[in-house]
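Asks: The following block contains a protein sequence and its predicted model.
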Amino acid sequence: MTRARLLLLSPTLAMIGFFLLLPVALMAVYSFLSPGTYGGVEWLLSFDAYIQFFFERDFLTDELVFHTSYLSIYFRSFVQALAATVICLLIGFPTAYFIATRPPATRSAWVLLVTVPYWVNLLIRTVSMLFVIRDEGPLNGALTAVGIVDAPLRIAYTDFAIALGLVYSYLPFMVLPIYAAIERFDFSLMEAACDLYAGRWTILRRIILPTVKPGVVAGCLLVFIPSLGAYIAPDLLGGGKNLMIGNLVALQFQGSRNWPFGAAAAVLLLSVVLVALTVLARRRALSSAGN
Amino acid sequence: MKKSKPLSAYPGFSQVTWLCMALLYAPILVVAVYSFNAIRSITTWGGFSLAWYAKAFANPHIQAATINSLVVAVTASAAATVIATAAALALARGRGFRGRGGVFVLINLPLMIPEIVTAVAMLIFFLAVGFQLGLLTVIIAHTVFCVPFAYLPIAARLSGIETFYEDAAQDLYADRWRSFRFVLLPMMMPGIFAGLMLAFIISLDDFIITNMVTGPGTTTLPLAIYGMVRVGFSPEINAISTIMLLVSVFFVSLSYLVGRRRT
């Protein structure tokens, strides 16, 4: 590395290295310490934070008893993120396909329409969703006024609301990579398949899907990863009762104040995300090497 | 006569697309419409009114939060843009060097780490090294996560500029600084501006990280909105939300239009 280059990179290295990489490393260290009485930590090595995930210390006998209350939060988060990913795929694939088969002039307008919501404040979008679906909200207002339901539908503060919020938050991440893949698809292959008597849906399943699979996988991971660590959607739309990993982490630094446990929960979340990102990067490298 | 559909059209796909658009836009449009409703009602329209906007503007709590948000966003986006410009110059010019991949990962690290993890890690760090939580810690945090957003359009712009412009300037006896200042920098300007705009709205919008690293009494607009929602919905929230929506859309469009401009 030349001196000029090092000089140009030093602000980046300093800023991100000092204020992000170092803090994350410190957080990992904290996860192996003992909790302080009023938040914070005691500098005593301890694996309690990780043991706490699986075991509870019995009051009387001091024995470790297996429990699932924290594991179930991780499991729930996986299920929620998976549900959001599947719904996003079911909506996102047809949308991406539809956009990619528009004439080139209108295509970029459609892409812009999908992109703009991503840049709109996530908190405000989630608040808007809550505003619409809550018991006294316009959706229930309209449904009762028309007479479809007698009492307001309970949508807000349920697991369904969280999934809906996650879909709403990350849908553009599904559409855009799939769109990019379908746009490169050679549609003359479709005519060839049709000449060989393949039906529409056979063509979709056996020709198009295998070709655009990298885009689909990228889209799924780009929805799944942020959904897994989501904080705003479960907090607002779940009403604080239906916790996900993000809320569990935040709680340890706000209310229940067990910093090492919060740090351990964050380390576990980060590990899963980094593995998923590595898979994504590997696939990217493979598909670009193939082309 | 029945028009035959092209082979590439699948039945139902256009309907799903409209459903997708409805899902993406309906909630924010509903909020925007209700922000102009003269009365508090959900089911009836009481006429067009800007009363809720007036009420929001007059709220001293929101005024203070707006000022904080602007101070943070202007400072952090400017700092992030300078950092990202320098990094783009180092990475895009000249051949590859050892550690290039590592630096690239470092720049994009804020995008890879879940926000809640970044938030608690920074909180732990600031308290461990004895920083007073407040406006300064918020600005530092925002600068860090704005860097990759500023970097993206700047690097894209820079990679589209051929090196022969600088070579020509240097042939005409401009030193390296002058060829950068008077030749390369002006050509990079649209990318730098686009990066600045993106960083600005990303900073303006952040909630999770700000919520963790801010101190008592230092509120930004998203924090104020969250606090109000916790108490209960009011049309005032719809009004502030609508303004923030418009600000985001305005700056993204600006960034898009400027960044796309040809050399």
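Replies: Structure received. Numbering: from 1, shown residues only, chains lettered A, B, ... in the order given.
Asks: can you pull the pLDDT of B:I42?
Replies: B:I42 is assigned a predicted lDDT (pLDDT) of 68.
Asks: Nearest residue to B:L196 in space, please, no chain neighbours.
Replies: Ranked by Cβ to Cβ, 6 or more residues apart in numbering or on different chains and with sequence neighbours excluded, the top spatial neighbour of B:L196 is B:T81, at 4.6 Å. Bear in mind the C-beta positions are built from the backbone N, C-alpha and C, glycine included.
Asks: Local confidence estimate at the one you found?
Replies: Reading off the model, B:T81 has pLDDT 96.
Asks: Repeat that for B:T263.
Replies: Listed pLDDT for B:T263 reads 47.
Asks: can you confirm A:L9 is in a helix?
Replies: Yes - assignment of A:L9 by DSSP: H, G, I helix; E, B strand; the rest coil places it within a helix.
Asks: how about B:I225, what does it touch?
Replies: B:I225 is in contact with A:L123, A:I124, A:V127, B:I237, B:I240, B:S241, B:M244, counting by Cβ atoms under 8 Å, 6 or more residues apart in numbering or on different chains.
Asks: tell me which element the third one falls in.
Replies: In this case it means A:V127. With secondary structure defined by DSSP states H and E, A:V127 is part of helix A:122-133.
Asks: before we move on, the earlier item: contact partners for the residue nearest to B:L196?
Replies: Here B:T81 is in contact with B:A150, B:I154, B:I192, B:G195, B:L196, B:A199 (criterion: Cβ under 8 Å, 6+ apart).
Asks: Going by neighbour count, which residues of the lengthiest helix in chain B are buried?
Replies: Determined from DSSP state H, the single longest helix within chain B is helix B:60-92. Within helix B:60-92, the residues that qualify as buried are B:62, B:64-66, B:68-69, B:72-73, B:75-92, counting by 16 or more other Cβ atoms under 10 Å in any protein chain shown.
Asks: what do you get for stretch A:59-78?
Replies: Across stretch A:59-78, burial judged by 16+ other Cβ under 10 Å covers A:Y70, A:I73, A:Y74, A:R76, A:S77, A:F78.
Asks: Likewise for stretch B:96-116?
Replies: For stretch B:96-116, the buried set under the neighbour-count rule, 16+ other Cβ under 10 Å, comprises B:V103, B:L106, B:I107, B:N108, B:L109, B:P110, B:M112, B:I113, B:P114, B:E115, B:I116.
Asks: could you dump the contacts of B:T81 to CSV with secondary structure, neighbour count and pLDDT?
Replies: Shown next, in CSV, are these (DSSP: H, G, I helix; E, B strand; the rest coil; neighbours: other Cβ atoms under 10 Å in any protein chain shown; pLDDT from 0 to 100):
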residue, secondary structure, neighbour count, pLDDT
B:A150, helix, 33, 93
B:I154, helix, 27, 91
B:I192, helix, 22, 93
B:G195, helix, 31, 91
B:L196, helix, 25, 94
B:A199, helix, 31, 93
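Asks: tell me which of those is nearest to A:I99?
Replies: B:G195 (26.6 Å; Cβ to Cβ).
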